[in-house]
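Peer 1: Return a 3D structure for these sequence lines:
(one chain, ligands or ions: 1)
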Amino acid sequence: MQKGEMLANGKAKSVYKTDEPKKLIMHFRNDTSAFDGEKIEQLDRKGMVNNKFNAFIMQRLEEGGIPTHFEKVISEDESVVKNLDMLPIECVVRNISTGSLCKRLGVAEGLDLEPPLFEFFLKNDELHDPMINDFHIISFKWATQDEIEKMKELTFKVNDILKKLFLDAGIILVDYKLEFGRYDGKLLLGDEFSPDGCRLWDVNTREKLDKDRFRQGLGGVVEAYEAVAERLGIAI
Ligand code: C5P
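Peer 2: Numbers count the residues shown, from 1 in each chain. This next block holds a predicted model:
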């Protein structure tokens, strides 16, 4: 497979065309950003760790019946994925209250959310990813009603699979963000699943093992990602 021109350059990943129109190469960079790109740093090894982490999780999700764009790892920090028509929507599920939920609603941190909360956000940095609901999505034709139902169904199914996977490794899946796209008339999970896009706490100490370490300047960011990978049995 030949790597072609760059199609998109995001805050932490770049996507390249290939000689196969339905396949893309996703490059996980060391760039780490927070606060809609206001804070950016290069973290050694992060691209490599996230590439392997994402591959492992996408494979577990496929085995659990979630259709994803993931095809295969082709280098330390690159994977081949299907070329999706991405929806401009972020799907967030929360098992414990923290982050923007607490700021927005003034609720206490660390509450168990049973049943888990589901929220949609519009993917738009300039507008700081505002929260939206099903009606915005339909009115502005960002997705169809069927796609809305599918996003909710798949995002909750991901929660069932990953909550257990992480808990078996002594880690609480606090919350996470997923993005979906269209491919041959079907909705597939796209983007990535790594500690950059979820919150992971040690089950005993509640130590943060995710990108909040970067957001809050706690240090040891990639070391925490590697510790999670090791506990999951991912070869880094
Ligand atoms: O900031 P907030 O509390 O809404 O984030 C909820 C979850 O979604 C967190 O795990 C965060 O890492 C993830 N997220 C993300 N990308 C965004 C917004 C949130 O990965 N643009």
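
Peer 1: hey, let's count contacts and neighbours off CA atoms from now on
Peer 2: Fine.

Peer 1: Quick one: list the elements packing against the strand ranked longest in the chain.
Peer 2: Determined from DSSP state E, the single longest strand within the chain is strand 112-122. With contacts taken as 3 or more C-alpha pairs under 8 Å, 6 or more residues apart in numbering; DSSP states H and E, strand 112-122 sits against strand 89-96, strand 131-132.

Peer 1: ok, the first one: who's next to it in the sheet?
Peer 2: In this case it means strand 89-96. Sheet partners assigned to strand 89-96 using DSSP bridges are listed as strand 112-122 (antiparallel), strand 171-178 (antiparallel).

Peer 1: for the shortest one, same thing?
Peer 2: The partner list of strand 131-132 in its sheet, established with DSSP bridges, is strand 112-122 (antiparallel).

Peer 1: Briefly note if the strand it pairs with comes near the ligand.
Peer 2: No - Strand 112-122 does not reach the ligand (C-alpha under 6 Å from any ligand atom); its nearest approach is 8.1 Å.

Peer 1: which of the residues in that strand are buried?
Peer 2: E119, F120, F121, L122 (16 or more other C-alpha atoms under 10 Å).

Peer 1: what's the average pLDDT for the longest strand of the chain?
Peer 2: Mean pLDDT, computed over strand 112-122, is 98.

Peer 1: List the contacts of it.
Peer 2: Contact with strand 112-122 is made by 88-97, 129-134, 152, as judged by C-alpha atoms under 8 Å, 6 or more residues apart in numbering.

Peer 1: Kindly format the C-alpha coordinates of that strand as CSV.
Peer 2: Extracted as CSV, the C-alpha positions of strand 112-122 are listed here (Å, rounded to 0.1, in the frame of the first residue of the first chain):
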residue,chain,number,x,y,z
ASP,A,112,-21.8,7.1,40.3
LEU,A,113,-24.1,7.7,37.3
GLU,A,114,-26.5,4.9,37.1
PRO,A,115,-27.7,4.6,34.4
PRO,A,116,-24.7,6.1,32.6
LEU,A,117,-25.2,9.5,31.0
PHE,A,118,-25.1,10.0,27.2
GLU,A,119,-24.4,13.4,25.7
PHE,A,120,-23.9,14.7,22.1
PHE,A,121,-21.5,17.5,21.3
LEU,A,122,-20.9,19.3,18.0
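
Peer 1: Quick one: list the elements packing against the longest helix along the chain.
Peer 2: Selection of the longest helix in the chain by residue count, based on DSSP state H, yields helix 145-167. Here helix 145-167 touches strand 89-96, helix 134-139, strand 171-178, going by 3+ C-alpha pairs under 8 Å, 6+ apart.

Peer 1: any idea how far K52 lies from the ligand?
Peer 2: 17 Å (C-alpha to the nearest ligand atom, to the nearest Å).

Peer 1: Also N54?
Peer 2: Taking C-alpha to the nearest ligand atom as the measure, N54 falls 13 Å from the ligand.

Peer 1: Quick check: bridge partners of S14?
Peer 2: N9, H27.

Peer 1: Kindly tell me how buried F53 is, as a neighbour count.
Peer 2: Using other C-alpha atoms under 10 Å, the number of residues around F53 comes to 24.

Peer 1: Next up, the contacts around it.
Peer 2: F53 neighbours (C-alpha under 8 Å, 6+ apart): F193, S194, A229, I234.
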